[in-house]
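>>> Predicted model and sequence below, questions to follow.
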Amino acid sequence: MGRIPRAYLINRVVTLFLTILIAATIIWIIPRLSPVDPAEIALGRMAAGAGSVANSEEILAQLRANMGIDQPLIVQYIKYLTGALVFDFGLSTAAFPTPVSTLILNALPWTLGLMILSLVITFFIGNLLGALMVWDRSPKLVRVAIPAAMVFTSIPPILSGLLLMWIFAAKLQWFPLTGAYGIMVEPGWSWDFVLSVLHHGFLPALSIVIVTFGFWALGMRGLMISVQGEDYVKLAEAKGLRPRYILYRYMIRNAILPQITAFALKIGLLIAGQVLVERIFAYNGMGKLLYDAILNQDFPVIQGVSYVIILMTALSVFLVDLLYPFIDPRIRHEAA
Amino acid sequence: MTSQDNVPMTRAEKQQAKRLKRFDNPWMNPKLLWGLGLLLAIVALGLLGRIFWDPDLVFTGSAPLKLPPVGFENLRRQEGIWDYPLGTDGGGRDMLAMIIVGAPNTLFVGLLASLIGMSIGIFLGFSAGFLGGRIDDTIRVLADVMITIPPLLILVVFQSAFGDVTLTMMALLIAGFVWQSPTRLIRAQVLSMKQSGYVQMAQLSGASTGHIMFREMLPNLVPYLFGSFIASVTTSIVTAVGLEVLGLGPQRIPTLGRTIYEAINAGALIQNLWWWWGIPTLLLAVIFIGLLLINLGLDEVSNPRLRKLS
């Protein structure tokens, strides 16, 4: 592992492992503290569908055995943990007998696609704007317009999503109101489908982009201020290098590095925000899956979705921490 | 040229003198004051609104359905009337009364959760930084672990298991997820402060650990604590609104997030009932912008390098 000291690596791996273990445990304990009996919910659903249910006692016992909740708690816990390791969360109760992992696998590509797209766009735009705010040669318009746009930073993406939905989907009808692709389009690798996906994904992505680019811009602004006064920038200017060259090759390249660590701290909030955006746009991702599961009291799905999202967050923080010394050779991890 | 010469100052000079004076006291920062002003306006809306408006109009069916704000027309060609100046929602509730009751609730959750979270953070951060050893290891690992868990998802599991919650209960739950960053921040500051002269002086003169921690070191951390506090208020409100928009907040108490949830579920976007979701959205935006301005202002107070650029 080259530059990463073994003690640091062990520390990060232990933290990652503990994060996943603690999160998984909390998610497991909470429903068991609640007075609600999942077997009775399932029975209630049957009764609602059939009008009445005969020999309900036997059915309840059978449901409990199926769900494994008649066993001692410690056995349930160990079963749950070993299941979670291989992403086995049992069967969905609302969409019985679909496994939870299948539902999540269907939703995951949508969420990941939306997330990566909006992250790349915001990281690029945000850092460039932040740098231009400080650069003394940027056009005046940039300096005046950005602080105004900065106001958007503070707003969570659900609010911008609602606004965009109203203007561009409900009023102007340029974009569809909900969904991830048109109902008339057959999913597949056809040109129509790709166009439909892009058309549907534009507004959710935009609502995330316009409220998060300011976060990067603000951070970049602070970093550029500290880089601005450095000797190597003065030397480059004295050498007569082109100002644009100095901006990109000397200032931005040095200032951008801590932004990558900022990303690690922010990612949890970003993912949580995106879940809500997916919910209001009824986008076929994890957010919609979670919302439907909440409506249906579908606990295996709620647990599975929460677990997978927490796992994604923890893994990205872990990767950023490990990759950082390779991106910025000046950083050497102390054996913490 | 100074004013002692009794030569009248030009306008530009007066402005400069004023600016210099203003920066003598960094706390009189315009961004900070604007931010505080916006939040106080929300609080005033809640307090004065209860006096001058009837908060009982938040009950379902206390007003006609789907009336638009004054000066607008809804799809049924009804015009807004002054009895319900901001219109009414699909359940016959007056929007003005909804925000008078709802907006302070949202702020309350944020402030309470952060106050508790900060207290835990101060306590743990000081213990970790000052006592060191095994206590430090435990607290540091715990904070590192908890900081990567998004609070929204744990709380989704919690609230869907337990059903209805009260505002205070929700604030307490959120508080369990906003202590990590203050803990880390304070621990780092305490570690560096421990080496400074005045702390070692206090130690040599036999001051107790509690005295050094809370009387000597804590006052020096105040600007950091404020910044951290505002950041956690923002996180708490974002989390609370997130839960409410998923339909998981308090069910019987009007909150801005729950109003948005009901509006989306009733198809307010398609029916062009913009006031139903728009007014709570606008108020939430005001709250978040206020918090942002306070945070930017605090940054300038504690980091003078940023001031000249504003």
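Perfect, I can see it now.

>>> from here on, contacts and neighbour counts on C-alpha atoms
Noted.

>>> of all the residues in chain B, which ones are close to chain A?
Contact residues, chain B versus chain A (CA under 8 Å from any CA of the partner chain): B:141, B:144-150, B:152-154, B:156-158, B:160-162, B:238, B:242, B:245-246, B:264, B:269-270, B:272, B:274, B:278, B:281, B:285, B:288-289, B:291-292, B:306.

>>> filter those residues to the buried ones?
The neighbour-count test (16 or more other CA atoms under 10 Å in any protein chain shown) marks B:141, B:144-150, B:152-154, B:156-158, B:160-161, B:238, B:242, B:245-246, B:264, B:269, B:274, B:278, B:281, B:285, B:288-289, B:291-292, B:306 as buried among the residues of chain B next to chain A.

>>> residues of the longest helix along chain A that come out buried?
The longest helix of chain A (DSSP state H) is helix A:191-228. The neighbour-count check on helix A:191-228 (16+ other CA under 10 Å) flags A:193, A:196-197, A:199-201, A:203-225, A:227-228 as buried.

>>> quick one, what contacts residue 227?
Going with chain A. A:233, A:251, A:254-255 (CA atoms under 8 Å, 6 or more residues apart in numbering or on different chains).

>>> nope, chain B
By CA under 8 Å, 6+ apart, the neighbours of residue B:227 are B:295, B:298-299.

>>> can you pull out the helices in chain A?
Per DSSP H, chain A carries helices over the ranges A:6-33, A:38-50, A:56-67, A:73-85, A:100-134, A:140-150, A:157-164, A:191-228, A:231-239, A:243-245, A:253-255, A:257-280, A:286-295, A:299-327.

>>> can you tell me the helix or strand for the residue lying closest to residue B:245 once chain neighbours are set aside?
Using CA to CA, 6 or more residues apart in numbering or on different chains and skipping the chain neighbours, the partner closest in space to residue B:245 is residue B:261 (4.6 Å). Secondary-structure assignment from DSSP states H and E places residue B:261 in helix B:256-265.

>>> Buried ones in that helix, by neighbour count?
Under 16+ other CA under 10 Å, the buried positions of helix B:256-265 are B:256-264.

>>> Adding pLDDT, write those residues out as a markdown table.
Listed next are the buried residues of helix B:256-265 as a markdown table, based on pLDDT from 0 to 100:
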| residue | pLDDT |
| --- | --- |
| B:256 | 88 |
| B:257 | 88 |
| B:258 | 88 |
| B:259 | 88 |
| B:260 | 88 |
| B:261 | 88 |
| B:262 | 87 |
| B:263 | 87 |
| B:264 | 85 |
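
>>> Which single one of the residues you listed is nearest to residue B:90?
Proximity of these to residue B:90 (CA to CA) peaks at residue B:263, which lies at 7.8 Å.

>>> List the contacts of the closest one.
B:89-90, B:269, B:276-277.

>>> give me the residue from the stretch 101-250 of chain A nearest chain B.
Proximity of the stretch 101-250 of chain A to chain B (CA to the nearest CA) peaks at residue A:154, 5.3 Å away.

>>> Could you identify the helix or strand that succeeds the helix holding residue B:261?
Per DSSP H and E, the helix or strand that comes after helix B:256-265 is helix B:274-302.

>>> tell me what that following helix is packed against?
Of the remaining helices and strands, those touching helix B:274-302 by 3 or more CA pairs under 8 Å, 6 or more residues apart in numbering or on different chains; DSSP states H and E are helix A:157-164, helix B:30-52, helix B:95-126, helix B:222-245, helix B:256-265.

>>> try 7 Å this time
If contacts are counted by 3 or more CA pairs under 7 Å, 6 or more residues apart in numbering or on different chains; DSSP states H and E, helix B:274-302 sits against helix B:30-52, helix B:222-245, helix B:256-265.

>>> what about these, which gets the closest to residue B:136?
helix B:222-245 (20.0 Å).

>>> What angle do helix B:256-265 and the closest one make with each other?
30 degrees (axes from the mean of the first three to the mean of the last three CA atoms, to 10 degrees).

>>> Can I get helix B:222-245 in PDB, CA atoms only?
Provided in PDB are the C-alpha atoms of helix B:222-245 (Å, rounded to 0.1, in the frame of the first residue of the first chain):
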ATOM      1  CA  VAL B 222     -16.900  30.700  21.800                       C
ATOM      2  CA  PRO B 223     -16.600  31.700  18.100                       C
ATOM      3  CA  TYR B 224     -16.000  28.100  17.100                       C
ATOM      4  CA  LEU B 225     -18.900  26.900  19.200                       C
ATOM      5  CA  PHE B 226     -21.300  29.500  17.600                       C
ATOM      6  CA  GLY B 227     -20.300  28.300  14.100                       C
ATOM      7  CA  SER B 228     -20.700  24.700  15.000                       C
ATOM      8  CA  PHE B 229     -24.000  25.400  16.600                       C
ATOM      9  CA  ILE B 230     -25.400  27.100  13.500                       C
ATOM     10  CA  ALA B 231     -24.200  24.300  11.400                       C
ATOM     11  CA  SER B 232     -26.000  21.700  13.600                       C
ATOM     12  CA  VAL B 233     -29.200  23.800  13.600                       C
ATOM     13  CA  THR B 234     -29.100  23.600   9.800                       C
ATOM     14  CA  THR B 235     -28.500  19.800   9.800                       C
ATOM     15  CA  SER B 236     -31.300  19.300  12.400                       C
ATOM     16  CA  ILE B 237     -33.800  21.300  10.500                       C
ATOM     17  CA  VAL B 238     -32.900  19.600   7.200                       C
ATOM     18  CA  THR B 239     -33.300  16.200   8.900                       C
ATOM     19  CA  ALA B 240     -36.600  17.200  10.600                       C
ATOM     20  CA  VAL B 241     -38.000  18.500   7.300                       C
ATOM     21  CA  GLY B 242     -36.900  15.400   5.500                       C
ATOM     22  CA  LEU B 243     -38.700  13.200   8.000                       C
ATOM     23  CA  GLU B 244     -41.800  15.400   7.700                       C
ATOM     24  CA  VAL B 245     -41.800  15.300   3.900                       C
END
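
>>> helices and strands of chain A: which one has the lowest mean pLDDT?
Lowest on mean pLDDT, DSSP states H and E among the helices and strands of chain A sits helix A:140-150, with a mean of 69.

>>> Dump the helices of chain A into a markdown table; add distance to residue B:77 as well.
Converted to a markdown table, the helices of chain A look like this (distance: least, CA to CA, whole Å):
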| stretch | distance to residue B:77 |
| --- | --- |
| helix A:6-33 | 49 |
| helix A:38-50 | 41 |
| helix A:56-67 | 53 |
| helix A:73-85 | 56 |
| helix A:100-134 | 40 |
| helix A:140-150 | 36 |
| helix A:157-164 | 24 |
| helix A:191-228 | 30 |
| helix A:231-239 | 65 |
| helix A:243-245 | 58 |
| helix A:253-255 | 57 |
| helix A:257-280 | 28 |
| helix A:286-295 | 35 |
| helix A:299-327 | 43 |
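
>>> middle-most residue in the chain, spatially?
Assuming you mean chain A. residue A:271 (2.2 Å; CA atoms, centre = their mean).

>>> hm, I was asking about chain B
Mean-position check on chain B, CA atoms, centre = their mean. Result residue B:233 at 3.7 Å.

>>> so what's that one up against?
B:110-111, B:114 (CA atoms under 7 Å, 6 or more residues apart in numbering or on different chains).

>>> what's around the closest residue to it other than its chain neighbours, how many residues?
Spatial nearest neighbour of residue B:233, excluding adjacent residues (CA to CA, 6+ apart): residue B:110 at 4.9 Å. Neighbours of residue B:110 under the rule other CA atoms under 10 Å in any protein chain shown: 26.
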